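K.L.:
Sharing a sequence plus its predicted fold:
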Amino acid sequence: MITIKNERELTVMRKACKITAAARALAGEMVRPGITTKQIDKAVHDFIVSQGAKPSFLHYSGYPASACISVNGTVIHGIPGSYALREGDIVSVDVGACYQGYHGDCAATFPCGKISAEAQKLIDVTKQSFFEGLRFATRGHRVSDISHAVQTHVESNGFSVVRAFVGHGVGERLHEEPEVPNFGAAGHGPRLLPGMTLAIEPMVNAGSYEVRILKDGWTTVTADGKLSAHYENTVLITDGEPEILTVTEGL
Ligand code: MF3
Ligand code: CO
């Protein structure tokens, strides 16, 4: 079942999502050579808690941290630790916050110092593919219209979309129906209705779309070792233009 949020729920979700987006921004500002991923995770944790919210990822299915921090060839679910960022790294930060029972979920990939032109293009294409998908996040379109637009933008720029993980509905639970893949033909899946809240999250690889999960059960890396980027927002379907809920304005 796809939940439709009422105005009361949306008021709470807007707040949850603003906290989440601010945590992402805070993490992005911390990205610099020498800082450890664990230090960024601690700042994310402490910020979310300071806002009266809870880190959604902490202890979710046993996940041990508040943020996922995925460097270079790590696609998603990188566990923060003692690794110190280096000039030229690209750093995906994924965060979730739960406020008064509702979750926000968002991610972005940040450059550490000066990065290669190819890495910057990967970051830019990944972010733009979200916005290409967003054009179809309107009443009456179907879920895979979003998927198809994301895939088309990514592949026309010579990159590939990850198949093994997908976006999702979000609300009282971090992962709700429907699944929102970043690939596939248009015209399939549920029709979008006002009040649906979706986490649209392209994961884009510079090489092949194949991924591998490390023995820790979380860290997901590109099979070919090439770079990967991630961009995600929680989005509300409305009667008109979609509303990106994970924004920092007005916090
Ligand atoms: N944004 C990711 C997702 O939607 C993060 C989940 S990490 C986890 O799946 F630890 F919470 F699983
Ligand atoms: Co998500």
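P.N.:
In hand now; what should we look at? Ligands and ions are numbered 1, 2, ... in the order given.
K.L.:
can you pull the contacts of Asp224?
P.N.:
With contact set as Cβ atoms under 8 Å, 6 or more residues apart in numbering, Asp224 has these partners: Asn205, Gly207, Ser208, Glu210. Bear in mind the C-beta positions are built from the backbone N, C-alpha and C, glycine included.
K.L.:
Also Gly28?
P.N.:
Counted by Cβ under 8 Å, 6+ apart, Gly28 has contacts Val93, Ala108, Phe110.
K.L.:
do that again at 6 Å, thanks
P.N.:
Phe110 (Cβ atoms under 6 Å, 6 or more residues apart in numbering).
K.L.:
What's the separation between it and Ile146?
P.N.:
25 Å (Cβ to Cβ, to the nearest Å).
K.L.:
how about the residues of the stretch 151-251 of the chain that lie near ligand 1?
P.N.:
Ala199 (Cβ under 6 Å from any ligand atom).
K.L.:
any weak-confidence spans in the stretch 151-251 of the chain?
P.N.:
Scanning the stretch 151-251 of the chain with the threshold set as pLDDT under 70 gives 250-251.
K.L.:
ok, what's across the strand from the residue of it found nearest ligand 1?
P.N.:
Residue nearest to ligand 1 within the stretch 151-251 of the chain: Ala199 (5.6 Å; Cβ to the nearest ligand atom). Counting by DSSP bridges, Ala199 forms beta bridges with His168, Thr234.
K.L.:
what does the one 5 residues further on give?
P.N.:
With DSSP bridges applied, Val204 shows beta-bridge pairing to Val161, Ala229.
K.L.:
That one contacts Ser160, correct?
P.N.:
No - judged on Cβ atoms under 6 Å, Val204 makes no contact with Ser160 at a distance of 7.1 Å.
K.L.:
Could you report the separation of His153 from Ile35?
P.N.:
32 Å.
K.L.:
in the stretch 101-250 of the chain, what residue is nearest ligand 1?
P.N.:
Closest point on the stretch 101-250 of the chain to ligand 1, by Cβ to the nearest ligand atom, is Asp105, at 4.8 Å.
K.L.:
Could you pull out the helices in the protein for me?
P.N.:
With helices called from DSSP state H, the chain shows them at 7-30, 37-50, 117-134, 143-156.
K.L.:
among these, which is nearest Glu249?
P.N.:
Glu249 lies closest to helix 7-30 among the helices of the chain, at 8.0 Å (Cβ to Cβ).
K.L.:
Now that closest one: average pLDDT?
P.N.:
On average, the pLDDT along helix 7-30 is 98.
K.L.:
Now do the buried residues in it.
P.N.:
Burial within helix 7-30, assessed by neighbour count using 16 or more other Cβ atoms under 10 Å, is assigned to 9-10, 12-27, 30.
K.L.:
what angle separates it from helix 37-50?
P.N.:
Angle, helix 7-30 to helix 37-50, by axes from the mean of the first three to the mean of the last three Cα atoms, to 10 degrees: 150 degrees.
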